[in-house]
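Visitor: Give me a 3D structure for the following:
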Amino acid sequence: MKTSVPLYHRLKSDLIRDIQSNKWEIGEKIPSESELAVEHGVSRITVRQAIGDLVSMGYLIRHQGKGTYVAKQNRSVAVSRLQGFAEELRVAGKQVALAVKDVQAVACSERVSKRLDIPDTTEVIRISRIASVEGSPIFRETSFLVPPTPNAVDELGEDSEAHHSIYGFFERYGVRIAYGSQEIYAERANYGDRDELMVGFDEPILVICRLTFDHTGTPVEFSEVRYPSSRYQYRVNLTRSGEYLGAYVL
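Guide: Numbers count the residues shown, from 1 in each chain. Okay, here's the model as predicted:
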């Protein structure tokens with residue numbers, strides 16, 4: 001478990017706040033690495049790492065030999081309120097039943113450690129759940145949580161209410177969930193999908209991989225959620241001023 005917040009995560013959080021509060025306008029050049037290092041009392045290496053993350057996240061853009069600028073909104077990214085996957089369905093008016101298959105502490109894999117930015121020997125909480133709507137499985141989820149307390153895995157295993165809201169579980173321990181990023185893609189069903197979602201191997205599966213961050217910009221959860229494409233779709237409503245990403249169940 002992390003015992004402190006890395007400096008570059010704190011700096012990244014501060015810079016995100018500055019960008020969102022319009023300290024710098026879109027297209028405006030931000031201060032140099034050396035200027036930011038002095039302003040925030042950190043090293044240039046820390047500044048470089050934080051800026052690199054913000055470039056990857058789409059907040060900033062680098063122009064070789066000119067500097068770093070506040071980026072325009074990426075039109076390929078739709079923004080909506082961050083909700084848990086089950087919460088999203090409940091908001092849409094669905095009666096969701098959650099079945100928890102497994103809760104345990106595990107050493108995270110290389111894939112998970114890279115997503116959560118922690119060593120691959122770090123112990124995380126793995127929780128596997130299946131959600132059903134009207135008796136039909138709608139998604140299966142595997143989440144990896146950075147423990148908010150040393151005894152979190154035992155408390156999560158004993159508290160059935162916590163299974164219904166992972167974000168609520170974090171917030172109970174003072175972890176302020178701030179934002180997330182996710183990738184959506186399709187692939188063919190695997191053995192787990194066949195057994196738990198009751199689909200055939202030839203059925204397309206909608207996969208959503210989500211990384212959730214706290215208010216300091218530190219990753220706290222990585223989830224993979226798998227939906228049968230015949231039972232779930234994303235609907236995107238577009239306007240001239242922006243986008244809204246919503247979900248509905250077929």
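
Visitor: my guess is Tyr232 contacts Ile138, does it?
Guide: Yes: between Tyr232 and Ile138 there is a contact at 6.0 Å, judged by C-beta atoms under 8 Å. Every residue, glycine included, has its C-beta placed from N, CA and C.

Visitor: So which of these two has more stuff around it?
Guide: Comparing Tyr232 with Ile138 by neighbour count (other C-beta atoms under 10 Å), the higher total belongs to Ile138, at 23 against 20.

Visitor: pLDDT wise, what is that one at?
Guide: Note for Ile138: predicted pLDDT of 87.

Visitor: In which helix or strand does it reside?
Guide: Using DSSP states H and E, Ile138 maps to strand 136-145.

Visitor: And whichever helix or strand comes after that strand, what does it pack against?
Guide: Per DSSP H and E, the first helix or strand lying C-terminal to strand 136-145 is helix 152-158. If contacts are counted by 3 or more C-beta pairs under 8 Å, 6 or more residues apart in numbering; DSSP states H and E, helix 152-158 sits against strand 96-107, strand 123-133.

Visitor: Residue ranges of each domain in the chain, please.
Guide: Listed domain ranges for the chain are 7-70, 85-249 (source: automatic domain parsing).

Visitor: residues making contact with stretch 32-47?
Guide: By C-beta atoms under 8 Å, 6 or more residues apart in numbering, the surrounding residues in contact with stretch 32-47 are Leu7, Tyr8, Leu11, Asp14, Leu15, Ile30, Pro31, Arg48, Ile51, Gly67.

Visitor: Between the two ends of it, what distance do you get?
Guide: End-to-end distance for stretch 32-47, by C-alpha to C-alpha, to the nearest Å: 9 Å.

Visitor: Return the set of buried residues in that stretch.
Guide: Within stretch 32-47, the residues that count as buried by 16 or more other C-beta atoms under 10 Å are Glu33, Leu36, Ala37, His40, Val42, Thr46, Val47.

Visitor: Also stretch 114-123?
Guide: Per 16+ other C-beta under 10 Å, stretch 114-123 contains these buried residues: Arg115, Leu116, Asp117, Ile118, Thr122.
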